[in-house]
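# Let me see the structure of the following:
(chains A, B and C, ligands or ions: 6)
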Amino acid sequence: MNTPSTASLIAERIPGFSLPRELYCGEQAFQDDLDQIWYREWLFALPSCEIPKTGNFVTLNVGAYPVIVVRGGDNRVRAFHNVCRHRGQRLCAKTNGSNPKLVCPYHQWTYDLDGKLLYARDMGEGFDASKYGLKPVHCIDLGGMVFICLAQIPPAINELAANLTRFVLPSGIADSKVAFSSTIVEKGNWKLVMENNRECYHCGGSHPSLCRTYSDDPLMTVMEGPNSASPEILDHWARCDAANLPSRFTNAPDMQWRMARVPLMDNQESFTMSGKAAVAQRMGTIPWNDAGSLMFYHFPSSWNHFLPDHAIVFRILPLSPTETEVTTKWLVHKDAVEGKDYDLTALTEVWLNTNDEDRRVVEENQRGILSPAYQPGPYSPTQEAGVIHLIDWYCGLMSRRLSPNAVAAE
Amino acid sequence: MNTPSTASLIAERIPGFSLPRELYCGEQAFQDDLDQIWYREWLFALPSCEIPKTGNFVTLNVGAYPVIVVRGGDNRVRAFHNVCRHRGQRLCAKTNGSNPKLVCPYHQWTYDLDGKLLYARDMGEGFDASKYGLKPVHCIDLGGMVFICLAQIPPAINELAANLTRFVLPSGIADSKVAFSSTIVEKGNWKLVMENNRECYHCGGSHPSLCRTYSDDPLMTVMEGPNSASPEILDHWARCDAANLPSRFTNAPDMQWRMARVPLMDNQESFTMSGKAAVAQRMGTIPWNDAGSLMFYHFPSSWNHFLPDHAIVFRILPLSPTETEVTTKWLVHKDAVEGKDYDLTALTEVWLNTNDEDRRVVEENQRGILSPAYQPGPYSPTQEAGVIHLIDWYCGLMSRRLSPNAVAAE
Amino acid sequence: MNTPSTASLIAERIPGFSLPRELYCGEQAFQDDLDQIWYREWLFALPSCEIPKTGNFVTLNVGAYPVIVVRGGDNRVRAFHNVCRHRGQRLCAKTNGSNPKLVCPYHQWTYDLDGKLLYARDMGEGFDASKYGLKPVHCIDLGGMVFICLAQIPPAINELAANLTRFVLPSGIADSKVAFSSTIVEKGNWKLVMENNRECYHCGGSHPSLCRTYSDDPLMTVMEGPNSASPEILDHWARCDAANLPSRFTNAPDMQWRMARVPLMDNQESFTMSGKAAVAQRMGTIPWNDAGSLMFYHFPSSWNHFLPDHAIVFRILPLSPTETEVTTKWLVHKDAVEGKDYDLTALTEVWLNTNDEDRRVVEENQRGILSPAYQPGPYSPTQEAGVIHLIDWYCGLMSRRLSPNAVAAE
Ligand code: FES
Ligand code: FES
Ligand code: FES
Ligand SMILES: [Fe+3]
Ligand SMILES: [Fe+3]
Ligand SMILES: [Fe+3]
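Numbers count the residues shown, from 1 in each chain, chains lettered A, B, ... in the order given. Ligands and ions are numbered 1, 2, ... in the order given. Alright, predicted model coming up:
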């Protein structure tokens, strides 16, 4: 009763159906997901505005890898393995903070913000400090959205870079600030967390707060291309075009990412209980309160809403076959003052509710799939087109990379 | 240092001695127990009186399988895999409740109480709902005691059915109600939980409350047959015969189950601190307060006491190699009113105490057996005859099913 | 992507560098450590003064083995597997206590303090109690320091025995008492816990309380031999020689253990916040308040400080690849009275602080090493000479025992 390999599970899956059980809970499948996707793809890490000054840092764990992202004295954002080169201490234990240098808490080896080892006491003659700098992780800042990649040779990112920079520019992400941050753990495989996000088939039954302003009509989120959508969206795009606001459906050929700006329901302004903007200032150069949401997702790890008055960035990280960390950050204009320009509860309550509602359905989804009696079922071709995109992208990438002929670095 | 197979561990065990260590704690042995026993045998699930009305349901997990047992509009009790056929959501998260239909909480696919898929939104042309009914689990109601079986082809149950129905009929189980329910987790292998139940060698040292009314003399529970027991029991049986109350020792040839009605100590009435009945009404048609306990066990998962004034049904479910869930339900006449006809504390305290005392010794048993220095020891031929029955049944069944010539469905 | 064997990981390690990742966190490496080291070497278990009277016992777990150490009616200290020979119950669940006999809590089989089975109820004819005594564990009391060994044939201990007995004699350990005991769990591999203890490179940055009295100069702890040390220590040794106080650096050839008596900083008296003795009476026959600390470590499981006014004995036990239990006991003269002769806080605070500080750095060390990006780094040849001793001892022993030609019992 050996478990079939991930490659054979993927080869035998039925297109249009949910995946075989093992891919949602098996140890081997999880390790393959880490090795082939999480350790090789670009991943959204943080908004650059979270580390605005020299020495500001954020840490995160990508699978087994602790990573630190830090702004250098030259204002560049860099990422490193968060591991001391002496005896392997985790360099920074906090999730964020600020340090003029990176000093190991164990024996005080001291690294510059660019990773160079500056100081190591009593290491004796013949010790060559230049060989013990922090190990770098690829890192790029796309208009205020910082991505990292653990691969030796990262995949091409130029297409994403050009489009994302163009799309988020009017939202002024780099000049915003983090008003609130929430991290929760969902007891579900990362693909279930992402599947859940890629459809609104469940919204009506799960998300009373979100459904006040966000339409669960699949026509609002599933589009055919930059000139093919529902009349309502085409109108919105035309209005945005006239204001020079990038809005039209743009995607990677394999659907790894997609951007599109869509109006909220009844031309409401923001994801609030009232439907009104939560923040007095608009972000960046967005021209209207009812510019809708610029939706951007990127597989495997992120989805985002850029609204006129605030932005919400989501990052998922896999913890185990059946556990996923979900971090949500609410960004507002950097000059907005809490209590004066915005009320924190009004700003955050809709998505705090929504995240918790999603956590509950994802966890029950995982519990059901753990049953050996679970059998892959059909996705709705209309309601779950986005899930089909995700699963097709996943299966395509995994089957290429796990094929006997795959080159390690692709 | 490979772990020997379950089959070879069983082949080499010494009859009359406790099992080799691995069978009480190994991952492979646990999986074999699930595959060969828990997923193939009939298991006591619940008393039918717990779901008296259409739409009432109870859920339970048999190993990795979530199962729902529900009463249909036709008054029949059915069991299903508690897994939605769409994307595998656990259909009902609660342990019990009532629903006119089974509606999936994720995308509201809606099933009838007989498992048929009634409604699935936007699944497109060509979707054949008749192919997506809930997967059934075998289910049978024996005089108010509901059994389920996960196997494709369940083992014969006619012998058990005939005897159990006859024995419990006078207790009116189907017309009783659940007065109290308790679920605890014991950190011990399911076989240690059952071994503990099958002997009273430990009662004197562990169960002060129970020993007020329950004799720990092995002659009270170990009998040779319907006409061979201690004089005290033979007298009791003769009196029961005259009242048409089934009482004489009845068993499966392999000892998988056994029934016998025995008097309590000093002709006391019930398992209470006082020895008096806890409930004013007697159950069913039991003629006397001192009719004793109808004891019924069924391997691998249940033991039960049917007393004149109440019944106590016990169900164990394996959670891991070293964890077992024990659920106890106290049944009383359906018209008995708490506070008026019975006091809940008086009804439950003896077995709540006893369960907790057993939990403690089982957990210490597991801890000692985890030592590689553990070596199987001899069972007492008199005091632990019931444990020998259990272990012989277990080893016989497992060795047949794990033998190279075994037919999958036996 | 198979994990390399422990033997090959050790064969390929770079001398002078920390170990490869797998040896600090792998399941197989942990099992090999247990099998080759923890189940074969002598281990410090407890100070004999903790069980001064007949029937006093202490229990501990060595890997998967529960062990009980008990003082017999003949005043001898013995160790047994803490497992009943009937059905494997853990015999004593408490960490310490006193019993005239060892009575199994399950079915009351009763053992004498020398392990003999005295009583077993209803075991039938032909039951030979002499075959069911408790299984012994090797046990030796070296001047008040009790060591145990799980091996069938323990390694030679005469060299350690002669030296340790001689060194601790003046401290009167057997005539002391346990004033306080602390057990903590550090989420780190046992080797990381021991590495941490074997260097003071981290002391300045981690241990403000300890550094008041304990010099972090490696010259204070790393010596070349009984006649070769810093002038300050040579002076101390000369003074001790004159008073007949064993003090000079003494070690096993493979550095498995080492003793040496060193002065505290500025000739302070004890590891207290004030630097003064914490206990009014001196221990044993120690002649001066400023006799310094007799430091004794023994791989894999113990380090100790014997001060003039008190002694602190440390014992580590591996719980999992990434968890280690650390037990610390503070010993004082048996006639010293708490509140009168010593204040418990003043006695314990420095090492309670120090242990917690060490726990934190060890746990962060483990977290960093869990990263696949961790790479063994160089130990400081001066500051971390003690760690190099540990790692060389470990690698030497493991490579011999795991070599294809190793005899099981060496
Ligand atoms: S582990 Fe970082 S300085 Fe030693
Ligand atoms: S998973 Fe049940 S309706 Fe979608
Ligand atoms: S297990 Fe110890 S007496 Fe039964
Ligand atoms: Fe959702
Ligand atoms: Fe019991
Ligand atoms: Fe320390």
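# can you pull the contacts of the residue nearest to the spatial centre of chain A?
Centrality entry for chain A: nearest residue to the mean C-alpha point is residue A:302, 2.1 Å, by Cα atoms, centre = their mean. Contacts for residue A:302 (Cβ atoms under 8 Å, 6 or more residues apart in numbering or on different chains) come out as A:43, A:44, A:296, A:313, A:314, A:315, A:316. Using the backbone N, CA and C atoms, a C-beta is placed for each residue, glycine as well.
# could these be laid out in a markdown table, adding secondary structure?
Putting these into a markdown table (DSSP: H, G, I helix; E, B strand; the rest coil) gives the following:
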| residue | secondary structure |
| --- | --- |
| A:43 | strand |
| A:44 | strand |
| A:296 | strand |
| A:313 | strand |
| A:314 | strand |
| A:315 | strand |
| A:316 | strand |
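# Quick one, which of those residues are buried?
For these, a neighbour count by 16 or more other Cβ atoms under 10 Å in any protein chain shown gives the buried set as A:43, A:44, A:296, A:313, A:314, A:315, A:316.
# Could you check which residue of the stretch 251-400 of chain A lies nearest ligand 2?
Ligand 2 sits closest to residue A:365 of the stretch 251-400 of chain A, with a gap of 6.6 Å, by Cβ to the nearest ligand atom.
# Distance check, the residue nearest to the centre of chain A against ligand 3.
Between residue A:302 and ligand 3 the distance, using Cβ to the nearest ligand atom, to the nearest Å, works out to 57 Å.
# Residue A:70 is in contact with residue A:78, correct?
Yes: between residue A:78 and residue A:70 there is a contact under Cβ atoms under 8 Å: 6.1 Å.
# residues in the stretch 151-300 of chain A within reach of chain B, list them.
The stretch 151-300 of chain A comes close to chain B at residues A:195, A:201, A:202, A:205, A:206, as judged by Cβ under 8 Å from any Cβ of the partner chain.
# Out of the residues you listed, which comes closest to ligand 1?
Out of those, the one with the shortest distance to ligand 1 is residue A:195. That distance is 40.7 Å, counting by Cβ to the nearest ligand atom.
# Point out where the stretch 51-200 of chain A drops to low pLDDT.
Within the stretch 51-200 of chain A, not a single segment meets pLDDT under 70.
# Tell me which stretches of it form helices.
For the stretch 51-200 of chain A, applying DSSP state H, counting those that start in this stretch gives helices covering A:158-168, A:190-197.
# I'd like the ones you listed laid out as CSV, including distance to residue A:125 and mean neighbour count.
Conversion of the helices of the stretch 51-200 of chain A to CSV gives the following (distance: least, Cβ to Cβ, whole Å; neighbours: other Cβ atoms under 10 Å in any protein chain shown):
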stretch, distance to residue A:125, mean neighbour count
helix A:158-168, 46, 17
helix A:190-197, 49, 24
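# of all the ones you listed, which lies closest to residue B:282?
helix A:190-197 (52.2 Å; Cβ to Cβ).
# Tell me which stretches of the stretch 1-150 of chain A form strands.
Defined through DSSP state E, counting those that start in this stretch, the strands belonging to the stretch 1-150 of chain A, from first to last, are A:43-47, A:56-62, A:65-71, A:77-81, A:96-98, A:102-103, A:110-111, A:117-119, A:136-142, A:145-149.
# Same list (these) but as JSON lines, adding distance to ligand 1.
Formatted as JSON lines, those follow (distance: least, Cβ to the nearest ligand atom, whole Å):
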{"stretch": "strand A:43-47", "distance to ligand 1": "24"}
{"stretch": "strand A:56-62", "distance to ligand 1": "16"}
{"stretch": "strand A:65-71", "distance to ligand 1": "13"}
{"stretch": "strand A:77-81", "distance to ligand 1": "13"}
{"stretch": "strand A:96-98", "distance to ligand 1": "17"}
{"stretch": "strand A:102-103", "distance to ligand 1": "9"}
{"stretch": "strand A:110-111", "distance to ligand 1": "9"}
{"stretch": "strand A:117-119", "distance to ligand 1": "10"}
{"stretch": "strand A:136-142", "distance to ligand 1": "18"}
{"stretch": "strand A:145-149", "distance to ligand 1": "22"}
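# Mean neighbour count, those strands: which tops it?
Of the strands of the stretch 1-150 of chain A, the one with the most neighbours on average (mean count of other Cβ atoms under 10 Å in any protein chain shown) is strand A:43-47, at a mean of 26.
# Setting the sequence-adjacent residues aside, check what's closest to the residue nearest to the centre of chain A.
Computed as Cβ to Cβ, 6 or more residues apart in numbering or on different chains, the closest residue to residue A:302 that is not its neighbour in sequence is residue A:44, at 3.7 Å.
# dump the residue contacts of that neighbour.
Neighbouring residues of residue A:44 by Cβ under 8 Å, 6+ apart: A:145, A:146, A:147, A:298, A:301, A:302, A:304, A:313, A:315.
# go on, residue A:85?
Applying Cβ under 8 Å, 6+ apart, we find residue A:85 in contact with A:109, A:117, A:132, A:133, A:134, A:135, C:375, C:377.
# Kindly list the longest helix within chain A.
Scanning chain A for the helix with the most residues, using DSSP state H, yields helix A:344-369.
# Give the other helices and strands that that helix contacts.
Packed against helix A:344-369, as judged by 3 or more Cβ pairs under 8 Å, 6 or more residues apart in numbering or on different chains; DSSP states H and E, are the following elements: helix A:21-25, strand A:176-186, helix A:190-197, helix A:203-206, strand A:323-333.
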